[in-house]
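J.: A structural model of the following input is requested.
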Amino acid sequence: MVLVQRLSKKPATVVTVKDLSGCFNDRLMSLTRDYDEIILVFDTYRTDSLKSATRDKRRQGKAIQYQVRDDTNIKHIPLRRFLSHDQTKADLTDYLAAKILEYNRGSSKLIITSASGNTRSNKDLFFEENNHEEADTLLIHQAVLASHRNPADAQLMFFSPDTYILVLVTANYDLLLKNTSISMASGVMQIEPLWRALGKERAKALPAFHAFTGAINTFRFSRIGKATWL
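T.: From the prediction side, this is the model:
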């Protein structure tokens, strides 16, 4: 969804949802042009989840659900409004996941998409269903699978502006390819030096430490932040 949000200022050529999917595919392929394997991971939007209840309370019932079809006209609908309803977002993730595979059916690259618990690819690969709600943990799951099927000297790159992805990648580095890095807003960061500096035990403790000292949806314990605890 980070990549979708970057399309907030839609080009004038985007009139329908199908146009949006084409623009999304172009951005994705441009971002990953130097890579042989691309894994696109979306959040799963569940109506019975705590996050869904929180979103509903925050919106105060103002969200509008749109149909996600090729011919849905979104020319005069701001993307933020279009994505205000969880069901629209859920339908869009499924739609984009399918479209990416359709657009790249004949590509020499391995393209993998995961949305709503279903993981598929443009090659003859089988994936079991998963129960991850968060793209954060699903990214790690898919990266571990990729690490197992690729050569030991292959490069693994995460694209995410989220600090928690950096935390999870570092905590699970021992399960990933040694040449693993993450591209964030501040630049590209290699994981191996972080893992080596922290040591395995501290690296494994990072997710709890991150939540305990203040993350996206958790408060700092006793108002004490990361610098003091470190």
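J.: For the closest residue to residue 23 other than its chain neighbours, which residues are in contact?
T.: Take residue 23 and drop its neighbours on the chain: the residue closest to it by CB to CB, 6 or more residues apart in numbering is residue 14, 5.6 Å away. (Each C-beta comes from the backbone N, C-alpha and C, glycine too.) Residues near residue 14 by CB atoms under 8 Å, 6 or more residues apart in numbering: 7, 20, 23, 74-75.
J.: ok, so what distance separates residue 14 from residue 75?
T.: For residue 14, the distance to residue 75 equals 7 Å [CB to CB, to the nearest Å].
J.: Repeat that for residue 194.
T.: 45 Å.
J.: and those two? which has more neighbours close in?
T.: More crowded of residue 194 and residue 75, by other CB atoms under 10 Å: residue 194, with 16 against 11.
J.: The more buried one: what secondary structure?
T.: Here residue 194 is helix, with the state taken from DSSP: H, G, I helix; E, B strand; the rest coil.
J.: burial count for the closest residue in space to it that isn't next to it in sequence?
T.: Nearest residue to residue 194, sequence neighbours excluded (CB to CB, 6+ apart): residue 170, at 5.1 Å. Neighbourhood size, residue 170 [other CB under 10 Å]: 22.
J.: wouldn't residue 170 be in contact with residue 204 here?
T.: No - checked against CB atoms under 8 Å, the pair residue 170 and residue 204 is beyond contact range at 9.3 Å.
J.: Flag every buried residue along the helix ranked longest in the chain.
T.: Assignment by DSSP state H gives helix 86-103 as the longest helix of the chain. Applying a neighbour-count criterion of 16 or more other CB atoms under 10 Å, one finds 86, 88-97, 99-101, 103 buried in helix 86-103.
J.: And the nearest residue to residue 18 once chain neighbours are set aside, how far from residue 197?
T.: Closest residue to residue 18 apart from its sequence neighbours, by CB to CB, 6+ apart: residue 70 at 4.1 Å. From residue 70 over to residue 197 the distance is 50 Å, taken as CB to CB.
J.: contact partners of stretch 28-40?
T.: Residues from elsewhere that reach stretch 28-40 (CB under 8 Å, 6+ apart): 3, 97, 100, 104, 109-114, 139, 142-143, 146, 150, 157, 159.
J.: what do you get if the cut-off is 10 Å, keeping everything else the same?
T.: Contacts with stretch 28-40, where a contact means CB atoms under 10 Å, 6 or more residues apart in numbering, come from 3, 6, 24, 93, 96-97, 100-101, 103-104, 107-115, 119, 121-123, 135, 138-139, 142-143, 145-146, 149-150, 154-159, 183.
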